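In: Build me a model from this:
(one chain, ligands or ions: 1)
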Amino acid sequence: MLPWIELKDVRKEIEGFQLGPISLAVEPGTITAFVGNNGSGKSNLLKLIMNLVNLDGGEIRVFGKPVNGADESWKRHITFQPQIAVGWNAYTGNDLQKLIAPLYTKWDQALFERMIELFGVPLDKRFGKLSPGVQQKLTLSLALPRSTDILILDEPTASLDIPSKTVVMDLLVEWMEKEDRAVIMTSHQPDDLRKLADYLFLIQDGQAIGRYEKDLLITGFRRYWLTAMPAGPVPGELSRSTNQLVSENPYATEQYFVEQEIDVIDDNALELEDIISLLLK
Ligand SMILES: Nc1ncnc2c1ncn2[C@@H]1O[C@H](COP(=O)(O)OP(=O)(O)OP(=O)(O)O)[C@@H](O)[C@H]1O
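Out: As a prediction, this is how the structure comes out:
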């Protein structure tokens with residue numbers, strides 16, 4: 001399927017910080033999570049996609065249209081939720097709903113009311129007077145009902161309590177199932193990544209480490225406990241300690257163990273957060 005969003009050799013310099021070159025394609029029906037260390041450039045990459053900051057090099061296309069071109073019709077197909085909603089503090093939830101809903105032809109009022117009810121958001125209080133978590137709940141309740149093709153969320157669950165994180169994950173899964181849609185999100189929450197992401201796009205200090213299919217990533221690393229560690233390198237070996245070996249190619253590693261008659265006491269899959277930490281080392 002043709003990608004909805006395409007980044008080709010995207011580059012940006014922000015006061016001495018170099019972001020890119022980054023290339024990436026986002027297809028419909030997928031959730032892509034940008035994952036990286038703090039300050040690695042994830043939020044700036046989202047802003048570049050939304051044409052909120054200027055590119056220094058490369059190009060970004062949404063539905064085939066360059067984001068920095070004269071035709072801005074692509075913006076109608078995207079909802080962007082930044083980490084901090086700018087200019088909302090003086091408005092109540094009711095005001096914001098009245099301002100936002102008429103702008104979207106597929107506004108889902110039933111979903112808005114359901115989310116407000118699920119999260120218990122007061123609609124009569126000014127946005128600026130709400131706690132960060134309640135602000136995030138209201139912002140999400142004003143984002144998903146827009147029913148745009150693409151949803152871009154910058155750390156959507158960062159301030160939420162644990163039960164609400166689960167609610168958001170379930171709502172996003174349901175939102176994706178309604179029609180062909182795509183989500184890009186940034187997150188530091190392993191649960192979000194495990195439950196939601198189809199692809200992880202890893203960024204470190206402004207540089208792309210790679211785009212990984214989450215399910216393949218989870219099966220692609222294994223830890224083995226051995227009675228005796230082989231002296232030489234083992235195929236697929238990523239790291240070793242006295243009796244533990246971590247492999248990034250379990251098939252090759254296990255084949256080698258069989259050929260060399262090496263006893264494996266135990267083995268297990270690595271947790272997603274361990275794999276991410278290894279890749280971002
Ligand atoms: N307002 C700003 N002024 C100057 N430099 C900035 C500004 N915002 C970001 N930067 C620079 O851009 C880099 C990338 O920041 P960005 O916010 O995109 O990272 P991030 O990956 O989203 O971080 P985090 O995980 O902490 O949210 C930072 O390291 C910083 O050097």
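In: who in the stretch 1-150 of the chain is up against the ligand?
Out: Within the stretch 1-150 of the chain, the positions near the ligand by Cβ under 6 Å from any ligand atom are 14-15, 17, 36, 38-44. (Each C-beta comes from the backbone N, C-alpha and C, glycine too.)
In: how about the spatially most central residue of the chain, phi and psi?
Out: Most central in the chain under Cα atoms, centre = their mean is Ala33, positioned 1.9 Å from the mean C-alpha point. Reported as degrees, to the nearest 10, the phi and psi values for Ala33 are phi -110, psi 130.
In: Could you list every helix and strand in contact with the top helix by length along the chain?
Out: Looking across the chain with DSSP state H, the single longest helix is helix 162-178. Under the contact criterion of 3 or more Cβ pairs under 8 Å, 6 or more residues apart in numbering; DSSP states H and E, helix 162-178 touches helix 109-119, helix 132-141, helix 190-196.
In: and it with helix 109-119, angle?
Out: 160 degrees (axes from the mean of the first three to the mean of the last three Cα atoms, to 10 degrees).
In: Can I get helix 162-178 in PDB, CA atoms only?
Out: Only the C-alpha atoms of helix 162-178 are listed here, as PDB (Å, rounded to 0.1, in the frame of the first residue of the first chain):
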ATOM      1  CA  ILE A 162      -2.800   4.000  35.400                       C
ATOM      2  CA  PRO A 163      -6.600   3.200  34.800                       C
ATOM      3  CA  SER A 164      -6.900   6.000  32.300                       C
ATOM      4  CA  LYS A 165      -3.800   4.900  30.400                       C
ATOM      5  CA  THR A 166      -5.600   1.500  29.900                       C
ATOM      6  CA  VAL A 167      -8.700   3.400  28.800                       C
ATOM      7  CA  VAL A 168      -6.800   5.400  26.200                       C
ATOM      8  CA  MET A 169      -5.100   2.300  24.800                       C
ATOM      9  CA  ASP A 170      -8.400   0.600  24.400                       C
ATOM     10  CA  LEU A 171     -10.000   3.700  22.800                       C
ATOM     11  CA  LEU A 172      -7.100   4.000  20.400                       C
ATOM     12  CA  VAL A 173      -7.300   0.300  19.300                       C
ATOM     13  CA  GLU A 174     -11.100   0.900  18.800                       C
ATOM     14  CA  TRP A 175     -10.400   4.100  16.900                       C
ATOM     15  CA  MET A 176      -8.000   2.300  14.500                       C
ATOM     16  CA  GLU A 177     -10.500  -0.400  13.800                       C
ATOM     17  CA  LYS A 178     -13.200   2.000  12.500                       C
END
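In: Any chance of CSV for the residues of the stretch 1-150 of the chain next to the ligand, columns secondary structure and neighbour count?
Out: Output for those, formatted as CSV (DSSP: H, G, I helix; E, B strand; the rest coil; neighbours: other Cβ atoms under 10 Å):
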residue, secondary structure, neighbour count
Ile14, strand, 12
Glu15, coil, 4
Phe17, strand, 13
Gly36, strand, 23
Asn38, coil, 6
Gly39, coil, 11
Ser40, coil, 23
Gly41, coil, 25
Lys42, helix, 24
Ser43, helix, 15
Asn44, helix, 19
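In: farthest pair in those residues?
Out: Within those, two members stand farthest from each other by Cβ to Cβ: Glu15 and Gly36, at 18.5 Å.
In: Name the helix or strand for Leu153, please.
Out: Following DSSP states H and E, one finds Leu153 within strand 150-154.
In: residues contacting the closest residue to Leu153 other than its chain neighbours?
Out: Nearest non-adjacent residue to Leu153, counting by Cβ to Cβ, 6 or more residues apart in numbering: Met185, 4.3 Å away. Contacts for Met185 (Cβ atoms under 8 Å, 6 or more residues apart in numbering) come out as 31-34, 151-156, 192, 196-197.
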